[in-house]
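Peer 1: Dropping a prediction and its sequence here:
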Amino acid sequence: MFTTLAALLLAGQNFLYGQEYMFEFGEVIPLNQVLEDGSPAHTEPIKWYNVNTETDTWDHQDSILVCHGLPIGVIRSGRQFENYILHVEWKHMEAGGNSGMFMWSSAVPGENRLPDGVEVQMLELDWVNQNIRDGKKPPIAYVHGELFGVGGVKTIPDNPRGSRSKSIENRCKGQGEWNTYDVVCVDGTIKLSVNGKFVNGISQSTQRKGFMCLESEGAEIHFRNLKVIELPGGLAEGVKE
C-alpha cells in the first residue's frame, strides 16, 4: 500500500513539474495591506501553468482572460493556497456555456480530464434548457453557483442536492453579462457570494489546501479582476481523509 501511494504521489509531482508556464493573471493582495491604511502597495502576480489544455485555448487580452473552451481541461495557479478570499468576475459568451474554478486542487487530471478539489460552478442560464432529461429540466439553482467535491474530495453541503450544494437564491446573469463571485475558503469551509449576496456553502472538505484551477469546458468564457486575499494558515495539515 505504501509503495503504491508513494508511486502515485511521485507521478503527480512529475506531472506538475512538466507543466508549462503560460502567463500572469490576477494578483495576491497581502492581508495587512487590506487592513492597514497607508501601507505600501505591494501585490503578487498570480502565475498560471498549463495542465492539459492548449496555448490557443487561452487568450490574455489586457485585463481580461478569454478561455475558448477547447479542449476540456484546466490551468493552475503557480502555487498552492490554503485559507483565502477569492474575488473573480466572469461572463459566458455562449448560451448554455459550462465552466468553473477548482479550489484546493492537486491539479492532476482524472479520466474526465478534470482534477480533484472543490468545484465552484459557472454555468450560463440556458444550460438547464439544453440539458432536459426524461422531460425534466435540472434545478435552476444548478446554474447559480453550485459547490461540490470532485475527484474523491468529500464535502458536506449547506443546501443539499445530493452530495452537491445548490444556491438558495438565483442571482447569476446570463450570456454576455458580467457576474461577480466572492469565494471565502477557510479550514475546509467554503462560502460563495454571487453578485453581492452569500447564497451557498460547503464544509468539512477532506482537502483543504491546493492549487486554484480555471476550467475550459467547451464554451467561451471571459474572466477579469481575479484577486486573492491570503489569510493565515489553519488546519490543512491535520485533515484525515
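Peer 2: That came through fine.
Peer 1: beta partners for Glu89?
Peer 2: Glu89 has these beta-bridge partners by DSSP bridges: Thr180, Arg224.
Peer 1: Extract the residue ranges of the protein that are flagged as low pLDDT.
Peer 2: 1-15, 17-18, 37-40, 237-241 (pLDDT under 70).
Peer 1: From the centroid of it, which residue is nearest?
Peer 2: Centroid check for the chain by C-alpha atoms, centre = their mean gives Met101 as the closest residue, at 1.9 Å.
Peer 1: Not counting residues beside it along the chain, what's closest to that residue?
Peer 2: Excluding its sequence neighbours, the residue lying closest to Met101 (C-beta to C-beta, 6 or more residues apart in numbering) is Val120, at 4.8 Å. (Each C-beta comes from the backbone N, C-alpha and C, glycine too.)
Peer 1: you'd agree the one you found is up against Ser99?
Peer 2: No. Val120 is beyond contact range of Ser99, at 10.0 Å (criterion: C-beta atoms under 8 Å).
Peer 1: Distance-wise, check Asp169 relative to Leu86.
Peer 2: One correction, residue 169 is Glu, not Asp. Separation of Glu169 from Leu86 (C-beta to C-beta, to the nearest Å): 20 Å.
Peer 1: If you could redo that for Leu231, that was the one I meant.
Peer 2: 11 Å.
Peer 1: the more surrounded of those two?
Peer 2: Legend: neighbour count by other C-beta atoms under 10 Å for Leu231 and Leu86, higher for Leu86 (21 against 16).
Peer 1: For the more buried one, identify the helix or strand it belongs to.
Peer 2: Assigned by DSSP states H and E, Leu86 falls within strand 84-92.
Peer 1: Only C-alpha atoms, please: export that strand in PDB.
Peer 2: In PDB, the C-alpha atoms belonging to strand 84-92 read as follows (Å, rounded to 0.1, in the frame of the first residue of the first chain):
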ATOM      1  CA  TYR A  84      -8.100  32.900   1.400                       C
ATOM      2  CA  ILE A  85     -10.800  35.100  -0.100                       C
ATOM      3  CA  LEU A  86     -11.100  34.900  -3.900                       C
ATOM      4  CA  HIS A  87     -12.800  37.700  -6.000                       C
ATOM      5  CA  VAL A  88     -13.400  36.900  -9.700                       C
ATOM      6  CA  GLU A  89     -15.700  38.300 -12.300                       C
ATOM      7  CA  TRP A  90     -16.800  36.200 -15.300                       C
ATOM      8  CA  LYS A  91     -19.200  36.100 -18.200                       C
ATOM      9  CA  HIS A  92     -20.200  33.400 -20.600                       C
END
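Peer 1: Now find how far off-centre that strand is within its chain.
Peer 2: Per C-alpha atoms, centre = their mean, to the nearest Å, the displacement of strand 84-92 from the mean C-alpha position of its chain is 9 Å.
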